[in-house]
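J.: Predicted model follows, preceded by the sequence.
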2 protein chains.
Amino acid sequence: MPFQKDIYKSAFSVDNIIFGFDGDELKVLLIKRSQDPYGGQWALPGDIVSPDEDLDAAAERVLKQLTGLQNVYLEQVYTFGKVDRHPRGRVITIAYYSLINIAKVKIRAASFAEEVSWKAVSSISTLAFDHLDIMETCRTRLRQELKLRPVGFELLPEKFTLTELQRLYEVILEQDLDKRNFRKKILGMSILNSLNEYQKGVSHRPAMLYSFDPEKYRVATEQGVIFEI
Amino acid sequence: MPFQKDIYKSAFSVDNIIFGFDGDELKVLLIKRSQDPYGGQWALPGDIVSPDEDLDAAAERVLKQLTGLQNVYLEQVYTFGKVDRHPRGRVITIAYYSLINIAKVKIRAASFAEEVSWKAVSSISTLAFDHLDIMETCRTRLRQELKLRPVGFELLPEKFTLTELQRLYEVILEQDLDKRNFRKKILGMSILNSLNEYQKGVSHRPAMLYSFDPEKYRVATEQGVIFEI
DNA sequence: GCAAAAGTGTTTTCATTACACCCATGT
DNA sequence: ACATGGGTGTAATGAAAACACTTTTGC
């Protein structure tokens, strides 16, 4: 089967770091590899890019296969291409990261995995291949983006409280934020809709729910408002 | 020759956007292609990555072949992988950009080029393949980096005046900066050495020469100084 | 002495930080 | 009634912006 051999002479794959937020921790979706190399170890979901497939399309496909989700936040981050990074041949990989609302995912075990699971980023210390490296690079990128663009909302349900939003920032940036200053800053940008609707069933004063409004964000940006946390 | 065909079934290249600054304009080093596809057109220097070569090494090789330079600022930016981006087959390309002191370059015409030349970024309106796209992406990245990291010095001679440095920022960021505020900010970071040496042969008051001190930068960073222009 | 760029501080303005108490709900 | 997180404003601080004149050199 020369095809297999040729592919491995010079193949490229995509790997997708899928971030989710459960209200408490930043998580990534990992698969347990069912085959060698690295059989039985946790790895990032990914696949070989087929010859007639765009890179972005391949990343979308991997995401869809695993989560059923489409049209979610997905960005290319970096390409990893060390000669020896794959034990079976020369495979470079283009890393993407996506941000999803964790509640929307019904995990589907993919054919290439025994098991699929959300793991807290902070709890991961080894991964197959150079995937730990890849994850760290994507995590750094996420932090940068979070400060400069309104991407945090991608990790939340459509309706959220300001405290949930703040907690998300605190967890990802690994720093505490002042409640009043945070609210002042976010609300001052005029990019949220106040829904005049409240949390239910909580054993404390229920919080107002908000949603992110992309159109308001566009208008604000045009008027010179700079998103920055 | 099956090898050629296999390569093109799934090959990867690097392209290198080499930035230089002549005191007045931001330039990039382009080659005129001697062969089809796009024979006769200007393009970014690049090459196929060989199977036993790291991506970074390939980018360094391209840079060295063309300029003779090694150990200069070189960073991966983005990978371009549309199915149809190369008319001869599937070739994805990993884009790098480098920052060099333009005065140090003795251009060597490479075998794959008729002609090699510095072109002002602002004057370029078409390039072979998707290279215009690649150039714009790298230019955006350069702007981002310039604001947050001390990379501008890579584009200047070792000894430079503050006005030269300011002009570099103004040209790349496309905005005017206030002279006094700029000096205050840069000097306040304590990352430059004042050389107690002056410009010569200028028909005006000669300016003090400075050099960037990476060690001072490291110390300043440790003490919490944030580089930002 | 004139043209050309170098060099230099202060005031104003605006954004960021620090900070503490009352409110609404469930148990 | 108490525990829990929700919600709110002001003063102090520090950083960024605006701004104009004197100095040194070559010609």
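T.: Structure received.
J.: mind checking pLDDT for the residue in chain A positioned nearest to DNA strand D?
T.: Proximity of chain A to DNA strand D (CB to the nearest atom of the strand) peaks at A:His204, 2.5 Å away. Just so you know, the C-beta spots here come from the backbone N, C-alpha and C atoms, and that holds for glycine as well. Here the pLDDT value assigned to A:His204 is 96.
J.: Would you mind splitting chain A into its domains for me?
T.: A:2-148, A:156-222 (automatic domain parsing).
J.: out of these, which comes closest to B:Leu173?
T.: Minimum separation from B:Leu173 across the domains of chain A (CB to CB) falls at domain A:2-148, 16.2 Å.
J.: close to DNA strand D, is that closest one?
T.: No - Domain A:2-148 stays clear of DNA strand D (CB under 7 Å from any atom of the strand), getting no nearer than 11.1 Å.
J.: Find out how far that domain is from the centre of the chain, if you would.
T.: What separates the centre of domain A:2-148 from the centre of its chain is 10 Å, taken as CA atoms, centre = their mean, to the nearest Å.
J.: State the distance from A:Asn193 to A:Glu136.
T.: A:Asn193 sits 35 Å away from A:Glu136 when distances are taken as CB to CB, to the nearest Å.
J.: again with A:Thr93
T.: A:Thr93 is 15 Å from A:Glu136, where distance means CB to CB.
J.: so the closest residue to A:Ile107 other than its chain neighbours, which of the three states?
T.: Closest residue to A:Ile107 apart from its sequence neighbours, by CB to CB, 6 or more residues apart in numbering or on different chains: A:Val116 at 4.8 Å. Here A:Val116 is recorded as strand under DSSP: H, G, I helix; E, B strand; the rest coil.
J.: what's the distance between A:Val116 and chain B?
T.: To chain B, A:Val116 is 26 Å away according to CB to the nearest CB, to the nearest Å.
J.: Would you confirm that that residue contacts A:Leu66?
T.: Yes - assessed by CB atoms under 8 Å, A:Val116 is found in contact with A:Leu66 at 6.5 Å.
J.: Now for these two: what residues contact both?
T.: Common neighbours of A:Val116 and A:Leu66, counting by CB atoms under 8 Å, 6 or more residues apart in numbering or on different chains, are A:Leu29, A:Ile31, A:Pro45, A:Ile107, A:Arg108, A:Ala110.
J.: Buried subset of these, written for PyMOL?
T.: A single PyMOL command selects the buried members of the shared contacts of A:Val116 and A:Leu66 (16 or more other CB atoms under 10 Å in any protein chain shown):
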select buried, chain A and resi 29+31+45
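J.: Only C-alpha atoms, please: export the longest strand seen in chain A in CSV.
T.: When chain A is parsed with DSSP state E, its longest strand is strand A:11-21. Output in CSV follows, covering the C-alpha atoms of strand A:11-21 (Å, rounded to 0.1, in the frame of the first residue of the first chain):
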residue,chain,number,x,y,z
ALA,A,11,1.6,14.5,5.6
PHE,A,12,-0.1,17.2,7.5
SER,A,13,-2.7,17.0,10.2
VAL,A,14,-4.8,19.4,12.2
ASP,A,15,-5.1,19.2,16.0
ASN,A,16,-7.9,21.0,17.8
ILE,A,17,-7.7,22.3,21.3
ILE,A,18,-11.4,22.5,22.3
PHE,A,19,-11.8,24.7,25.3
GLY,A,20,-14.9,24.7,27.6
PHE,A,21,-15.7,26.4,30.8
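J.: Just give me the least confident of the shared contacts of A:Val116 and A:Leu66.
T.: Within the shared contacts of A:Val116 and A:Leu66, A:Ala110 has the lowest pLDDT, namely 62.
J.: what does chain A put close to chain B?
T.: Contact residues (CB under 8 Å from any CB of the partner chain) of chain A with chain B: A:6-7, A:9-12, A:49, A:51-56, A:76, A:78-79, A:81-83, A:90, A:92, A:94.
J.: In PyMOL, select just the buried ones from those residues.
T.: Buried residues among the residues of chain A next to chain B (16+ other CB under 10 Å), as a PyMOL selection:
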select buried, chain A and resi 6+7+9+10+11+12+49+53+54+55+56+76+78+79+81+83+90+92+94
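J.: longest single helix anywhere in chain A?
T.: For chain A, the longest helix by residue count, based on DSSP state H, is helix A:131-148.
J.: So which elements touch that one?
T.: strand A:11-21, strand A:73-80, strand A:91-99, helix A:162-173 (3 or more CB pairs under 8 Å, 6 or more residues apart in numbering or on different chains; DSSP states H and E).
J.: Now render those as CSV, adding mean pLDDT.
T.: Output for those, formatted as CSV (pLDDT from 0 to 100):
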stretch, mean pLDDT
strand A:11-21, 97
strand A:73-80, 98
strand A:91-99, 97
helix A:162-173, 98
